[in-house]
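# sequence plus predicted model, see below.
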There are 2 protein chains.
Amino acid sequence: MESKMNLKQLAKLLNISISTVSKSLHNSPEISAETKRRVQELAELHNYVPNVFAQNLKTNKSQTIGMVIPEISHQFFTQVLEGAVSETRKKGYNLTICISNESLEQEQRIIDELIRSQVDGVAISLSEETFTLDKMDHLKKLKKHGISLVLFDRVDPNLGCDTISINDSINAELTIYELLSRNRKKILYLSGIPNTSVNERRKDGYVKAIDKVHTPFILEVDYKNFPHSEILKFIKTNNIDAILASDELTAIQIMRYLKVKRYNIPDEISIIGFSIGNLGEHYLPSLSAIDQKAEEQGRCAVEILIDRIEGKLQTEPLAIQLEANIIHRESTLMKKPIK
Amino acid sequence: MESKMNLKQLAKLLNISISTVSKSLHNSPEISAETKRRVQELAELHNYVPNVFAQNLKTNKSQTIGMVIPEISHQFFTQVLEGAVSETRKKGYNLTICISNESLEQEQRIIDELIRSQVDGVAISLSEETFTLDKMDHLKKLKKHGISLVLFDRVDPNLGCDTISINDSINAELTIYELLSRNRKKILYLSGIPNTSVNERRKDGYVKAIDKVHTPFILEVDYKNFPHSEILKFIKTNNIDAILASDELTAIQIMRYLKVKRYNIPDEISIIGFSIGNLGEHYLPSLSAIDQKAEEQGRCAVEILIDRIEGKLQTEPLAIQLEANIIHRESTLMKKPIK
DNA sequence: CTGAAAGCGCTTACAG
DNA sequence: CTGAAAGCGCTTACAG
């Protein structure tokens, strides 16, 4: 390894001043074309790379934003990341990706770390534990340090910052109306993710829609410890003919079990779940789903965050709600919609 | 936002020198307990956070490593990330996650960016395009800048750096022997990921095992543009009774289609695929798979990289090969293994 | 068009 | 036990 090149060495080799070298590399109009050419050639030749720490120390900007997600094994969040990564690059920023593993303590540690590394802004989807314990002090710390904050997907409206989310409540409502219009009458809301803000909103929408015509049926379980037979018993007892699941994995798990038990899906029981992952598309039958616009949420969170950083936004915080799509695949396509 | 705290301001407030403040915050034994206490209290009170750029500029170390993965939508790589994230934290380093999207150009850009941001080391799984075009100059650049390099999973042995991988060839071989022992005779190797090093190695192992007894059947297709009916025709024509798929998605796609076509799996055709994602486990029938030890690869790559950075390793590059497991689930569990 | 100089915030060898 | 001073590599206002 050759000894690290820097402005000083380049200046010495060319017999000119450090200032001139620096300005040449920034293609400053102050400097003559000839000098710039010489400097740039030599820099190229020696693989000169400016020291980013020195630069940032001077300019006091890192051109970096942090994105904190609660989980990486959910397809939803990897799609968010894809949107965020491409948008960040488009804007010429760097992205630091952090994973809180649904833990408040890890989330706090991450925020401290992001403050330490002087990111210009943070986009975060809150961890389950952060919601349950309702501790937001670490997020307020960001403001103290002048770091912009945007919340996406799992959002707390009381934090006084920009938020990007999906109107889950309305989406649940609309989905139920659709199922009702297909003459489904006993619709179960099955949640595998209790204690999340999204679950509450989805459940609310379900209840709101159902309450007008029928009794609501609600079951909230642990998706890691899936109580198959209990759910089946509930389904039988109540003659359930459709299921709205809180998330893809919950939908797949119940669908699989019902198939093992020889249920005909979608004719006997229709199933639809929130969020588009890779599980549902390839299943047999393929799973109908409510598209959470993951990639767009990621893209949008980054866009708003950078606009905020660069002072392009009003002081008033934005609360953006993206529209979701209901995607009917095989698990809700009844052959003969009963009239 | 309060004006940013720094050593100078703390020193002024306490009426002592900057040096003493700095040493106190590092808990130096040079300083009296009383002074340290006063300094640390005031720093705490003012939410003092040291400027990481200034620190790094001085110490010339970033305590950061970069991990480059070709794709984030493959469960395999998110599992790698989980291992890498936790190992990095354990060692007190920071992790910068980058995604090349299987593109050489993006990979080059990422490497330049990592060099610019002075990471101490890089762990990378090469993009498909990098392999196809066999361009490795950007990786050699890292060496020029004194940045350690570790390759994992998609590995090139000629780069003279540490590598972590799975012995795919042997795993394919062992899998075939198992299928043969269950009296499968016409085994198809179906690849949805041509032009990757892993594909070549898996195919090699397959051929090596099959060649001794039977004719090899090989089909290489584009998983994004899956030619269902062509494959089915091939299966019929050649009386295929087992499939070894190059990856999970390929396995699922063909299994789904065969089920639609009323094939009995595993009895008529057994299916097994490389790598454990979330698709196979919940499928009906659940998919047998060769566990690629994703998390362990991530953990191990980071461990070796940091040992290398800290000079704890011999100069000789390491070539670590992890052992895989064959996990039999429903898609290979024949009711009556024909004697 | 070029250069000398100050300063970003920190660490650390050295002096007292 | 405390502090003055140099220096990490860069940018930029200022002078010439």
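It's in.
# buried residues in stretch A:310-326?
By neighbour count on 16 or more other C-beta atoms under 10 Å in any protein chain shown, the buried set for stretch A:310-326 is A:313, A:317, A:320, A:322, A:324. Any C-beta I mention is one placed from the backbone N, CA and C, and that applies to glycine too.
# hang on, the third one packs against residue A:161?
No: in this structure, residue A:320 sits apart from residue A:161 without contact. The criterion is C-beta atoms under 8 Å, and the distance is 12.0 Å.
# as JSON lines, the buried residues of stretch A:310-326 with pLDDT and distance to DNA strand C would be great.
Converted to JSON lines, the buried residues of stretch A:310-326 look like this (pLDDT from 0 to 100; distance: C-beta to the nearest atom of the strand, whole Å):
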{"residue": "A:313", "pLDDT": "88", "distance to DNA strand C": "26"}
{"residue": "A:317", "pLDDT": "94", "distance to DNA strand C": "28"}
{"residue": "A:320", "pLDDT": "95", "distance to DNA strand C": "34"}
{"residue": "A:322", "pLDDT": "91", "distance to DNA strand C": "39"}
{"residue": "A:324", "pLDDT": "87", "distance to DNA strand C": "45"}
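# where along the stretch 101-250 of chain A do the helices fall?
A:104-116, A:128-133, A:137-144, A:168-181, A:197-211, A:228-238, A:248-260 (DSSP state H, counting those that start in this stretch).
# of all those, which lies closest to DNA strand D?
For the helices of the stretch 101-250 of chain A, proximity to DNA strand D was assessed by C-beta to the nearest atom of the strand; helix A:104-116 is nearest, at 17.4 Å.
# state the mean pLDDT of that closest one.
Averaging pLDDT along helix A:104-116 yields 91.
# that helix close to DNA strand C?
No: Helix A:104-116 lies apart from DNA strand C when judged by C-beta under 7 Å from any atom of the strand; the minimum separation is 10.2 Å.
# what helices or strands is that helix leaning on?
Helices and strands touching helix A:104-116, by 3 or more C-beta pairs under 8 Å, 6 or more residues apart in numbering or on different chains; DSSP states H and E, are strand A:64-69, strand A:94-99, strand A:121-124, helix A:128-133, helix A:137-144.
# let's see it at 7 Å
Secondary-structure packing of helix A:104-116 (3 or more C-beta pairs under 7 Å, 6 or more residues apart in numbering or on different chains; DSSP states H and E): strand A:64-69, helix A:128-133, helix A:137-144.
# so for it, what gets flagged as buried?
A:104, A:106-108, A:110-111, A:113-115.
# paired strands for the helix or strand hosting residue A:289, with orientation please.
Assigned by DSSP states H and E, residue A:289 falls within strand A:288-291. If you go by DSSP bridges, strand A:288-291 pairs up with strand A:270-274 (parallel), strand A:325-327 (antiparallel).
# give me the pLDDT value at the closest residue to residue A:64 other than its chain neighbours.
Counting by C-beta to C-beta, 6 or more residues apart in numbering or on different chains, residue A:94 is the residue found nearest to residue A:64 once chain neighbours are left out, at 4.2 Å. The model reports residue A:94 with a pLDDT of 85.
# would you mind confirming that residue A:94 makes contact with residue A:66?
No: Residue A:94 is not in contact with residue A:66 according to C-beta atoms under 7 Å; the separation is 9.6 Å.
# per-domain residue ranges of chain A.
A:7-50, A:62-166+A:294-323, A:168-292+A:326-332 (automatic domain parsing).
# the shortest one near DNA strand C at all?
Translated: domain A:7-50. Yes: using C-beta under 7 Å from any atom of the strand, domain A:7-50 reaches DNA strand C at A:16-20, A:23, A:29-35.
# please list the members of the residues you listed that lie in strands.
Using DSSP state E, no member of those sits in strands.
# next step: those residues restricted to helices.
Among the residues of domain A:7-50 next to DNA strand C, the members falling in helices (DSSP state H) are A:18-20, A:23, A:33-35.
# for the residues you listed, which one is nearest DNA strand D?
Scanning these for proximity to DNA strand D, where the rule is C-beta to the nearest atom of the strand, the winner is residue A:19, at 3.5 Å.
# find the nearest non-adjacent residue to residue A:77, please.
That would be residue A:69: by C-beta to C-beta, 6+ apart, it lies 4.4 Å from residue A:77.
# shaky segments in chain A?
A:1-3, A:335-339 (pLDDT under 70).
# ok, now how distant is the closest residue to residue A:280 other than its chain neighbours from DNA strand C?
Once flanking residues are discounted, residue A:280 sits nearest to residue A:287: 3.2 Å by C-beta to C-beta, 6+ apart. Separation of residue A:287 from DNA strand C (C-beta to the nearest atom of the strand, to the nearest Å): 52 Å.
# spit out the contact partners of residue A:287.
For residue A:287, the contact set (C-beta atoms under 7 Å, 6 or more residues apart in numbering or on different chains) comprises A:248, A:251-252, A:255, A:271, A:273, A:280, A:329, A:331.
# equivalent analysis for residue A:178, please.
residue A:326.
# mind giving me the packing neighbours of the helix or strand that the strand holding residue A:289 is followed by?
Downstream of strand A:288-291, the next assigned helix or strand under DSSP H and E is helix A:294-309. Applying 3+ C-beta pairs under 7 Å, 6+ apart, one finds that helix A:294-309 makes contact with helix A:75-90, strand A:121-124, strand A:148-152, strand A:162-166, strand A:319-322.
# again, only using 6 Å
helix A:75-90, strand A:121-124, strand A:148-152, strand A:162-166 (3 or more C-beta pairs under 6 Å, 6 or more residues apart in numbering or on different chains; DSSP states H and E).
# can you list contacts of the first one?
For helix A:75-90, the surrounding residues in contact (C-beta atoms under 6 Å, 6 or more residues apart in numbering or on different chains) are A:67, A:69, A:71, A:95, A:275, A:277-278, A:294-295, A:297-299, A:302-303, B:72-73, B:99.
# the same query, at a cut-off of 8 Å, please.
A:65, A:67, A:69-72, A:94-95, A:97, A:123, A:125, A:152-153, A:248, A:275-279, A:292, A:294-303, A:306, B:72-73, B:78, B:99, B:278 (C-beta atoms under 8 Å, 6 or more residues apart in numbering or on different chains).
# out of the residues you listed, which end up buried?
Among the contacts of helix A:75-90, the ones that count as buried by 16+ other C-beta under 10 Å are A:65, A:67, A:69-72, A:94-95, A:97, A:123, A:125, A:152-153, A:248, A:275-279, A:292, A:294-303, A:306, B:72-73, B:78, B:99, B:278.
# picking that back up, would you reformat the helices of the stretch 101-250 of chain A as a markdown table and include distance to residue B:170?
Output for these, formatted as a markdown table (distance: least, C-beta to C-beta, whole Å):
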| stretch | distance to residue B:170 |
| --- | --- |
| helix A:104-116 | 38 |
| helix A:128-133 | 41 |
| helix A:137-144 | 48 |
| helix A:168-181 | 48 |
| helix A:197-211 | 45 |
| helix A:228-238 | 38 |
| helix A:248-260 | 33 |
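# out of the ones you listed, which one sits most buried?
helix A:248-260 (a mean of 22; mean count of other C-beta atoms under 10 Å in any protein chain shown).
# give me the contacts around that one.
With C-beta under 8 Å, 6+ apart, helix A:248-260 has contacts from A:75, A:190-193, A:221, A:223, A:226, A:228, A:231-232, A:235, A:243, A:245, A:265, A:269, A:271-277, A:279-280, A:283, A:285, A:287, A:289, A:331, B:278, B:282-284.
# of these, buried ones?
Among the contacts of helix A:248-260, those buried by neighbour count (16+ other C-beta under 10 Å) are A:75, A:190-193, A:221, A:223, A:226, A:231-232, A:235, A:243, A:245, A:265, A:269, A:271-277, A:279-280, A:283, A:285, A:287, A:289, A:331, B:278, B:282-284.
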